[in-house]
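Trainee: Give me coordinates for this.
(chains A and B)
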There are 2 protein chains.
Amino acid sequence: MSDLPSFVRVNEEGPREGFQIEKGPIPTARKIELVDALSETGLSAIQVVSFVNPRRVPGMADADEVARGFHRKPGVRYTALWLNDRGFERAVAAGVFDLTGVIALTASEALLLRNQQRSFDEDLAAQHEMVKLYERHRVPVDHGYVMAAFGCNFQGDIPPSKVLDLVGRIVDLAREHHSEIKSLTLADTMGWATPTSIKRVVCAVRDRFPELRITLHLHDTRGMGIANVYAGLECGVASFDAAVAGLGGCPFAGHAGAAGNVCTEDLVFMLQELGIGTGVDLEKLIGVARLAEDIVGHSLPGSVMKGGSLESLRKRAQGHCLA
Amino acid sequence: MSDLPSFVRVNEEGPREGFQIEKGPIPTARKIELVDALSETGLSAIQVVSFVNPRRVPGMADADEVARGFHRKPGVRYTALWLNDRGFERAVAAGVFDLTGVIALTASEALLLRNQQRSFDEDLAAQHEMVKLYERHRVPVDHGYVMAAFGCNFQGDIPPSKVLDLVGRIVDLAREHHSEIKSLTLADTMGWATPTSIKRVVCAVRDRFPELRITLHLHDTRGMGIANVYAGLECGVASFDAAVAGLGGCPFAGHAGAAGNVCTEDLVFMLQELGIGTGVDLEKLIGVARLAEDIVGHSLPGSVMKGGSLESLRKRAQGHCLA
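Mentor: Presented below is the predicted three-dimensional model:
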């Protein structure tokens, strides 16, 4: 049996992943309510909003108000997402986020061309400009991010050698600016990963860049999310992004690729049952998952919030045995 | 990286697991339609019905008619479930099933008392009687089955030593009747298993009984189904029960423990992506999953039928690259 990590960081992305895809308008106050409820569960980090173009992502039009409204709890890391200089400057202006300069590259040039109308070289140049911007704001540049690291609907499979090449470019780009990349997110943006490809890519990256702490960002598009987490744990990965209740996509709508991140409370349930610490109170988190369903007004894909945790059943069963 | 099996048997239980729990009456012809559609997908085995008391399981009241109506396809193994002598005799009378004498024990005495109003010793005696019945019908007794092998809502955790004890009793019971148990199902009846407990129990059984071919019967109550399959594969398990579309429970109804088996097409998708043979045509199976949703009249939990397989995306992406 593999040695699994003893503690795992769980990075909650539900408010950002979820509210940017939900169709109905959700009142700002309810978004803030969700963030504040998540803050009480013991999660390591919460991604609150994305600062993106409100015409392209109407669900994030109130990002500045959400940022002003939520209550920072000491010990929790609050993050935001941005894709360009304007987004970053909004995040800085909010004054409430733990900012990290991220160098993000995309393993699929087809996706880059389609979504950002950029070639790979143009994207690399844009990342250089972003690093200069981070430097001007004295934001440390120490995190790398590889999108579509396991496959892409428009490009097909991504070979591990491509991911290694990108990670090398991220590390080099940071060094050109006298920064050191310390951690790296490998994102399965379109739900192509399987336990075997997780192991293949993570092992390749760890062999070449053993100093990088890896985070996995896994979408559950094809139901492989939790199995992929397990494969990641077996490779020693100790940090995962997740979304409470599986927010972030409606798997009942038949949208290919629309499913959200791996579900936070299902992830925390598995980690607890494997004896891995998370700092999270699972029962509280299940309560927040139910709150998330109430806020979006439809059922969400999480399983543990429906099936229940095992701790209460264990206590009841002990009661039976003692009675 | 572990050596995974090169071929896996997929035992479809959707018609039996699903129709015994669905609330609405489902026309017999549509049940037969599902079984016949499943027969065209390349599955190794299909469990068609359970012969149980129609007052307790109204959804199976038409089991004899379903048995008469479906079309046997050569090469597919068709099975039925029964819990007592009357049920077995109905299965024999149907004349269309591949009958195996199964010795089934339950790892949780609390569950046994609650569901069958029997002590463990009474259950063991009943299994002796069932074996005598199989002998009279010249049905080979070569399969063992351990229910609630990973935990029970009424008993709590089940230690691996308990499972080993039961498997030993099953093997001994068969020998007393001059039969040899060749294969064994370990059932996670209430969705308590995690990848670690799968490995712990499967390894313990394999060490003590290396001659037994193990099947895992996994419920997805807490979203661990596919991860548990992967853990089983890593231990060399090469046979899994599953239910098309995740039939067998309504995870949206908030019933604790009501979720169905691991979803067949999600399982087959993972196996294919891991390079493991199944003989199943995934695209056809996805079509049957959609048929299952149409038959029950509500959405079902399967992911791949919503997210799509990767093969068509790979072909499209290749087209892009060649264009």
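
Trainee: By mean pLDDT, which helix or strand of chain A comes out lowest?
Mentor: helix A:311-322 (a mean of 78; mean pLDDT, DSSP states H and E).

Trainee: So which elements touch the host helix or strand of A:Asp121?
Mentor: Following DSSP states H and E, one finds A:Asp121 within helix A:120-136. Here helix A:120-136 touches helix A:85-94, strand A:101-106, helix A:109-116, strand A:141-147, helix A:160-176, going by 3 or more C-beta pairs under 8 Å, 6 or more residues apart in numbering or on different chains; DSSP states H and E. Every C-beta, even on glycine, is put in place using the N, C-alpha and C of the backbone.

Trainee: is the third one anywhere near chain B?
Mentor: Yes. In terms of C-beta under 8 Å from any C-beta of the partner chain, part of helix A:109-116 sits within range of chain B, namely A:Ala110.

Trainee: nearest residue to A:Lys132 other than its sequence neighbours?
Mentor: Distance criterion C-beta to C-beta, 6 or more residues apart in numbering or on different chains; nearest residue to A:Lys132, sequence neighbours excluded, is A:His177 at 7.5 Å.

Trainee: Any figure for the gap between that neighbour and B:Asp121?
Mentor: 74 Å (C-beta to C-beta, to the nearest Å).

Trainee: Looking at the two now, which is surrounded by more residues?
Mentor: A:His177 (14 against 9; other C-beta atoms under 10 Å in any protein chain shown).

Trainee: residue contacts, that one?
Mentor: A:131-132, A:135, A:141 (C-beta atoms under 8 Å, 6 or more residues apart in numbering or on different chains).

Trainee: What is the burial count for A:Asp85?
Mentor: 13.

Trainee: Touching, it and A:Glu129? I think so.
Mentor: Yes. With contact defined as C-beta atoms under 8 Å, A:Asp85 reaches A:Glu129; the gap is 7.4 Å.

Trainee: I'd guess A:Leu186 is in a strand, am I close?
Mentor: Yes. Assessed by DSSP: H, G, I helix; E, B strand; the rest coil, A:Leu186 belongs to a strand.

Trainee: My understanding was that it contacts A:Val205; is that so?
Mentor: Yes. With contacts counted by C-beta under 8 Å, A:Leu186 reaches A:Val205, the gap being 7.0 Å.

Trainee: Pull up the residues of the stretch 101-250 of chain A that are close to chain B.
Mentor: Near chain B, when you scan the stretch 101-250 of chain A using C-beta under 8 Å from any C-beta, you find A:110, A:151-157, A:191-192, A:194-197, A:199, A:203, A:220-224, A:226-227, A:229-231.

Trainee: okay, which residue is most central for chain A?
Mentor: A:Asp241 (3.3 Å; C-alpha atoms, centre = their mean).

Trainee: for it, phi and psi?
Mentor: When read as degrees, to the nearest 10, the backbone of A:Asp241 gives phi -80, psi 150.

Trainee: Look up which residues are beta-bridged to it.
Mentor: A:Asn11 (DSSP bridges).

Trainee: OK, contacts around it?
Mentor: So A:Asp241 contacts A:11, A:13, A:47, A:185, A:215-218, A:261-262 (C-beta under 8 Å, 6+ apart).

Trainee: If we use 7 Å, what do you get?
Mentor: A:Asp241 sits next to A:11, A:13, A:215, A:217, A:261 when contact means C-beta atoms under 7 Å, 6 or more residues apart in numbering or on different chains.
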